[in-house]
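> attaching a predicted model along with its sequence, questions to come.
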Amino acid sequence: MKTTIILLSLVGIATLAAATPLACTSSCVIDAATTGYSTAVFDVKAGTPLVWRSTDIGHIQQDGVTGSGGCLSVPVSGGADSAPVVLTLAGGQLLGSVDSAPAEPCANAQALPDGSFALPYFCRIHATMRGTLVVSP
Ligand SMILES: [Cu+2]
């Protein structure tokens with residue numbers, strides 16, 4: 001009984017640690033393939049450049065869960081890296097800039113209690129490819 005409780009406690013700690021990874025602060029890359037993104041939730045520090053890297057064919061990352069428009073539309077050619085994307089926090093909202101273009105508000109972002117923002121995104125070509133960026137201050 002005691003062993004079971006200890007094991008369950010350890011599993012709980014491991015789960016918590018996995019759910020709160022440190023935010024990426026340099027060389028931030030998300031692999032993109034028709035089978036999906038390399039990580040469903042990617043934590044990135046605001047202001048840190050981020051790229052998608054295709055491991056197979058071309059993809060177009062778009063913020064939101066469907067449709068077009070928003071703060072990000074990021075094409076990547078097969079086997080290449082996308083242009084750098086920078087997400088910033090200003091005026092209580094999340095802003096996105098692709099390839100040094102003027103930053104656009106991310107209307108699809110959701111503010112989290114800790115001051116971070118969660119931004120869902122998907123591939124416009126392959127609708128089953130979905131992920132979420134968590135941008136921390
Ligand atoms: Cu795709």
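The structure has been received and is ready for your questions.
> show me the contact partners of the helix or strand that contains Thr88.
Thr88 belongs to strand 85-90 when assigned by DSSP states H and E. Among residues not part of strand 85-90, those counted as contacts by CB atoms under 8 Å, 6 or more residues apart in numbering are 44, 46-52, 72, 74, 94-100, 103, 106, 115, 117, 119, 133, 135, 137. For the C-beta atoms, the positions are set from N, CA and C on the backbone; glycine is no exception.
> could I get the buried residue list for that strand?
Residues of strand 85-90 classed as buried by neighbour count (16 or more other CB atoms under 10 Å): Val85, Val86, Leu87, Thr88, Leu89.
> go on, stretch 88-106?
By 16+ other CB under 10 Å, the buried positions in stretch 88-106 come out as Thr88, Leu89, Leu94, Leu95, Gly96, Ser97, Val98, Ala103, Glu104, Cys106.
> which among those residues gets closest to Ile60?
Lowest distance from Ile60 to the buried residues of stretch 88-106 (CB to CB) belongs to Val98, with 11.3 Å.
> spit out the contact partners of the closest residue to Ala109 other than its chain neighbours.
If the residues on either side of it in the chain are set aside, Ala109 comes closest to Leu94, at 4.0 Å by CB to CB, 6 or more residues apart in numbering. In this structure, Leu94 makes contact with Cys71, Leu87, Thr88, Pro105, Cys106, Ala109, Phe117, Leu119, Val135, judged by CB under 8 Å, 6+ apart.
> looking at the residues you listed, which is nearest the ion?
When those are ranked by distance to the ion (CB to the ion), Leu119 comes first, at 17.4 Å.
> the closest one against Pro105, yeah?
No. The pair Leu119 and Pro105 does not pass the contact test of CB atoms under 8 Å, sitting 11.3 Å apart.
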